[in-house]
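S.K.: fold the following, please.
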Amino acid sequence: HESSRGNTTFVLKGSDFGTDTENDAYLKAVSLVVKKLVVKELDREGTNWSKFADFLADCQELIEIEGQSNGLTDAGAIELGKAIKGCTGLEVFNFKQNKIEDDGMRELAEGLKANESLKTIDISNNLVSVGGAEALSELLTLSSSLETLVMNHNKLGDEGATALAEGIKTSPSLKTLHIHVNMIKSEGGVAIGKALETNNSLEEINFMGNLICDAGGVQLAQAVTANTSLKNLNLASMDIGSRGCSALYKALGENTSIEKLNFSWNQINDEYKKKMKKACKDSNIALTI
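M.R.: Numbers count the residues shown, from 1 in each chain. Okay, here's the model as predicted:
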């Protein structure tokens, strides 16, 4: 294990939670002090999920669990979701770069609902689509502590984005949302834009790499006009053309909160780039274009 800044970090394997008892004393000792748990090979044969759940329930100081690149499938994610119900003090849940799909995400969201201190979820580079988005949407609505949701490189699509938008509308605490490269097009872009019109907690959204085109750009412009909390907006590589750009640079003149905008790699000519630059300069917005 390693210690840094008062946090005690332990790295454990799925095989450490086997059916034999030789590790039981060690696991008990770890459970008393661990604050960050890094788990490896968790979805491999030999993991006793009941034993893992009991271990997590004993970890009263645990605030972060990381299971990056475990190859975790839905079957393992479902068991993990049941196990984390005992982690009542968890603040950070990081299981990016796995193979979690909708059934696994539903169970994980259900497990995380019991937690009243959760601040960050990172499930980037998984296979979550509309079913998982619906579960996360409900979690966003219910949680008063969740501040950051990172789910870049999943499979939301328009249906998933529309489902997630329902939670964004009413989330009381979400400040940072990263959903870049999620196969979202115009319909999903419009849904997210409408959600931003009523959300008053989000400060940063990374929407990069979703081809929402002009229809999504125009709706986001309406959101920019109405929203008073957004500070950092990444709209790079979204296939937004002159109509969406025009609506956006006009909306920036009415917004008083945005500090940074990335509008690079969209479908606009030099004339519209100049107009966007002027609008951002007039509003003291740091622009990347």
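
S.K.: tell me the helix or strand right after the strand ranked longest in the chain.
M.R.: Of all the segments of type strand in the chain, defined by DSSP state E, the longest one is strand 7-13. Heading C-terminal from strand 7-13, the first helix or strand you meet, by DSSP states H and E, is helix 24-33.

S.K.: in that following helix, what counts as buried?
M.R.: Residues of helix 24-33 classed as buried: 27, 30-31 (neighbour count, 16 or more other CB atoms under 10 Å). In this view, the C-beta of every residue, glycine as well, is placed from N, C-alpha and C.

S.K.: please enumerate the strands of the chain.
M.R.: 2-4, 7-13, 36-40, 64-66, 92-94, 120-122, 148-150, 176-178, 204-206, 232-234, 260-262, 286-288.

S.K.: so what touches the longest one?
M.R.: Okay, so that is strand 7-13. 1-3, 27, 30, 33-42, 61, 63 (CB atoms under 8 Å, 6 or more residues apart in numbering).

S.K.: strand partners of that strand, parallel vs antiparallel please.
M.R.: Paired with strand 7-13 in the same sheet, following DSSP bridges, are strand 2-4 (antiparallel), strand 36-40 (parallel).

S.K.: least reliable of those going by mean pLDDT?
M.R.: Here the lowest mean pLDDT among the strands paired with strand 7-13 goes to strand 2-4, at a mean of 49.

S.K.: and the nearest residue to residue 239 once chain neighbours are set aside, how far is that from residue 289?
M.R.: Distances taken as CB to CB, 6 or more residues apart in numbering place residue 211 nearest to residue 239, at 4.2 Å, with adjacent residues excluded. Distance check for residue 211 against residue 289: by CB to CB, to the nearest Å, it reads 18 Å.

S.K.: for residue 231, which residues are in contact?
M.R.: Going by CB under 8 Å, 6+ apart, the list of residues near residue 231 reads 203-204, 257-260.

S.K.: from these, which is closest to residue 278?
M.R.: residue 258 (15.1 Å; CB to CB).

S.K.: now the residue nearest to residue 259 when sequence neighbours are not counted. Its backbone dihedrals?
M.R.: Closest residue to residue 259 apart from its sequence neighbours, by CB to CB, 6+ apart: residue 231 at 4.7 Å. Main-chain dihedrals, residue 231, degrees, to the nearest 10: phi -120, psi -30.

S.K.: same question, residue 269
M.R.: phi -90, psi -180.

S.K.: so what's the residue count around residue 114?
M.R.: Residue 114 has 13 neighbouring residues, counting by other CB atoms under 10 Å.

S.K.: ok, now the one 5 residues further on?
M.R.: Residue crowding around residue 119 was assessed by other CB under 10 Å; the count is 18.

S.K.: quick check: it touching residue 150?
M.R.: No. Between residue 119 and residue 150 there is no contact under CB atoms under 8 Å: 11.8 Å.

S.K.: check the gap between residue 180 and residue 208 for me.
M.R.: 4 Å.

S.K.: who touches both of the two?
M.R.: With CB under 8 Å, 6+ apart as the test, residue 180 and residue 208 both reach residue 234.

S.K.: give the contact list for residue 90.
M.R.: Applying CB under 8 Å, 6+ apart, the residues contacting residue 90 are 62-65, 84, 112, 115, 117-118.

S.K.: again, but for residue 133
M.R.: 156, 159-161, 163-164.

S.K.: alright, I will stop here.
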